[in-house]
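Chemist: no sequence on this one, just coordinates:
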């Protein structure tokens with residue numbers, strides 16, 4: 001790179017990530033080291049026009065060596081002429097590449113592998129997330145060199161903001177002529193926030209240095225391994241002996257989840273259900289040529305379904321000490337800071353009826369259904385609970401203590417009956433056709449969310465297992481249900497495979513009173 005040309009950087013930051021602060025740090029560091037720097041900002045909206053971008057130029061010759069001359073620096077980025085593109089979000093990085101901001105011959109790309117999911121990704125019934133490996137491949141194909149690191153994890157580890165981590169990555173890249181001490185000097189101070197910023201800077205600096213030292217490894221690197229991970233739960237020996245070692249880790253996670261959700265008996269029921277599936281798959285595929293994939297898929301979705309959300313579960317999760325610690329960490333509260341946390345609830349009649357026996361719940365829900373069909377609003381109890389208060393926390397813990405009541409409730413009985421119907425159909429098909437069993441196991445993915453989303457998923461699953469037998473038809477119907485929330489695509493797919501469309505459900509007709517038209521005065 002010619003020393004008579006300025007080094008150009010394009011910084012991309014989402015809202016609230018401190019892109020402006022990062023730019024000021026870079027300019028101050030350059031001036032601290034005796035270099036000329038200039039920066040401008042270009043506002044943006046991340047979901048529409050892209051992140052807010054900051055364009056920076058640093059002339060790599062010290063002012064003291066220019067003999068009084070001052071170079072003219074640019075105010076606006078030129079596509080394909082960037083020396084560096086720095087971004088705090090992987091999809092935003094790819095968006096900027098698509099705009100032609102980087103070039104394979106010239107541009108160093110520094111990006112976080114962390115994702116802030118877009119609205120379109122969240123709207124999908126299935127997994128609508130963009131594939132990180134594909135995005136990372138695009139970065140590698142359209143850059144001279146690249147450094148990918150999980151800036152989100154480093155930010156949380158340091159307890160700082162992502163701008164400090166981005167600064168550390170830039171400093172370690174060797175792109176700018178300043179020394180590490182120049183960058184650290186502009187972040188100095190004895191405050192808690194300054195110390196956290198320096199920690200984040202150091203973590204990113206060391207991460208990029210390691211990547212530069214292992215260039216061959218970086219080429220295939222998509223995301224760094226987590227700095228530390230909790231020890232995974234162990235599967236009790238009595239259960240471990242019933243399954244091959246390759247399944248132990250997955251089953252241990254499901255067992256631990258249900259032990260935390262309910263009790264030992266419920267976790268044992270999970271293992272017993274899986275043992276039936278495993279034995280059926282083993283008889284169909286004794287050599288395990290398919291890697292016991294049916295049992296694996298069933299283990300994943302069965303654990304999630306059995307740990308269905310109800311008011312007891314919500315109260316339990318919201319009143320845990322770990323949640324309080326996480327909230328304080330997210331708002332970066334010091335030990336002396338006062339934090340108030342309010343939780344808003346709006347339980348309806350179905351949530352209360354879920355804990356009642358079937359004999360009481362059925363007439364209550366039927367009465368609510370008649371009210372809805374008559375056009376009346378659903379009954380609900382809006383609540384605002386101060387989780388930081390003694391009374392609020394006691395209320396949530398009291399509700400969480402009703403865990404013992406869950407197996408006696410109507411919701412529990414209904415969910416267990418549906419689970420058994422799914423598993424019975426799965427094992428029956430598995431005994432005849434391994435592929436059909438696998439597709440039915442994957443149908444457990446349809447059960448997600450809560451409220452109407454959860455009910456719609458269960459209705460779709462039951463219709464599939466009751467009317468389809470062939471593996472291809474089951475797979476097509478499942479994918480149609482995941483890609484179309486309204487269900488029109490699912491109905492069309494069902495009919496294409498000789499199955500009836502889903503029955504129409506009664507919906508209330510609400511008549512709205514027309515407002516009288518105001519007479520115009522002559």
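Modeler: The structure has been received and is ready for your questions. Because the structure is predicted, anything quoted here is derived from the model rather than measured. Numbering: from 1, shown residues only.

Chemist: low-confidence stretches in the stretch 201-350 of the chain?
Modeler: 215-230 (pLDDT under 70).

Chemist: mind jotting down where the helices sit in it?
Modeler: Ranges of helices within the stretch 201-350 of the chain are 215-219, 237-240, 248-261, 264-284, 293-306, 311-318, 321-330, 349-353, based on DSSP state H, counting those that start in this stretch.

Chemist: so which of these gets nearest residue 377?
Modeler: helix 349-353 (11.5 Å; Cβ to Cβ). C-beta here means a position set from N, CA and C on the backbone, and glycine is covered the same way.

Chemist: check for me that residue 10 belongs to a strand.
Modeler: Yes. Residue 10 sits within a strand when classified using DSSP: H, G, I helix; E, B strand; the rest coil.

Chemist: contacts only, for the closest residue to residue 254 other than its chain neighbours.
Modeler: The shortest distance from residue 254 to any non-neighbouring residue, by Cβ to Cβ, 6 or more residues apart in numbering, is to residue 303 (3.4 Å). Residues near residue 303 by Cβ atoms under 8 Å, 6 or more residues apart in numbering: 253-254, 257-258, 270.

Chemist: and with 10 Å instead?
Modeler: 250-251, 253-258, 261, 267, 270, 274, 444 (Cβ atoms under 10 Å, 6 or more residues apart in numbering).

Chemist: measure the residue nearest the centre of the chain to residue 451 for me?
Modeler: The centroid of the chain falls nearest to residue 117 when counting by Cα atoms, centre = their mean (7.1 Å). As judged by Cβ to Cβ, to the nearest Å, residue 117 and residue 451 stand 21 Å apart.

Chemist: residue boundaries of the strands in the stretch 301-450 of the chain?
Modeler: In the stretch 301-450 of the chain, the strands defined using DSSP state E, counting those that start in this stretch lie at 342-345, 383-386.

Chemist: a markdown table for these, including mean neighbour count and distance to residue 72?
Modeler: Output for these, formatted as a markdown table (neighbours: other Cβ atoms under 10 Å; distance: least, Cβ to Cβ, whole Å):
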| stretch | mean neighbour count | distance to residue 72 |
| --- | --- | --- |
| strand 342-345 | 13 | 55 |
| strand 383-386 | 14 | 59 |
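
Chemist: looking at those, which is nearest to residue 112?
Modeler: strand 342-345 (30.7 Å).

Chemist: and the closest one, what does it pack against?
Modeler: When contacts are defined as 3 or more Cβ pairs under 10 Å, 6 or more residues apart in numbering; DSSP states H and E, strand 342-345 packs onto helix 311-318, strand 383-386, helix 390-400.

Chemist: ok so, going back, most tightly packed of the helices of the stretch 201-350 of the chain?
Modeler: helix 293-306 (a mean of 22; mean count of other Cβ atoms under 10 Å).

Chemist: run the angle between that one and helix 264-284 for me.
Modeler: 160 degrees (axes from the mean of the first three to the mean of the last three Cα atoms, to 10 degrees).

Chemist: what's the neighbour count on the residue nearest to residue 297 when sequence neighbours are not counted?
Modeler: With sequence-adjacent residues excluded and distances taken as Cβ to Cβ, 6+ apart, residue 297 is closest to residue 441, at 4.0 Å. Per other Cβ atoms under 10 Å, the neighbour tally for residue 441 reads 27.

Chemist: relative to residue 475, how far out is residue 441?
Modeler: Counting by Cβ to Cβ - residue 441 and residue 475 are separated by 11 Å.

Chemist: can you check residue 313 too?
Modeler: Note on residue 313: its distance to residue 475, by Cβ to Cβ, is 31 Å.

Chemist: pLDDT at residue 373, what is it?
Modeler: Among the per-residue scores, residue 373 shows a pLDDT of 82.

Chemist: ok, the nearest residue to it once chain neighbours are set aside - contacts?
Modeler: Excluding its sequence neighbours, the residue lying closest to residue 373 (Cβ to Cβ, 6+ apart) is residue 508, at 5.0 Å. The contact partners of residue 508, by Cβ under 10 Å, 6+ apart, come to 369, 371-376.

Chemist: now do the contacts for the residue nearest to residue 297.
Modeler: 277, 281, 293-302, 422-423, 426-427, 429-430.

Chemist: where do the helices sit along the stretch 1-150 of the chain?
Modeler: 19-32, 90-98, 119-123, 132-141.

Chemist: including distance to residue 165, mean pLDDT and mean neighbour count, could those helices go into a markdown table?
Modeler: As requested, the helices of the stretch 1-150 of the chain are arranged in a markdown table below (distance: least, Cβ to Cβ, whole Å; pLDDT from 0 to 100; neighbours: other Cβ atoms under 10 Å):
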| stretch | distance to residue 165 | mean pLDDT | mean neighbour count |
| --- | --- | --- | --- |
| helix 19-32 | 10 | 88 | 20 |
| helix 90-98 | 14 | 86 | 22 |
| helix 119-123 | 24 | 74 | 10 |
| helix 132-141 | 18 | 86 | 15 |
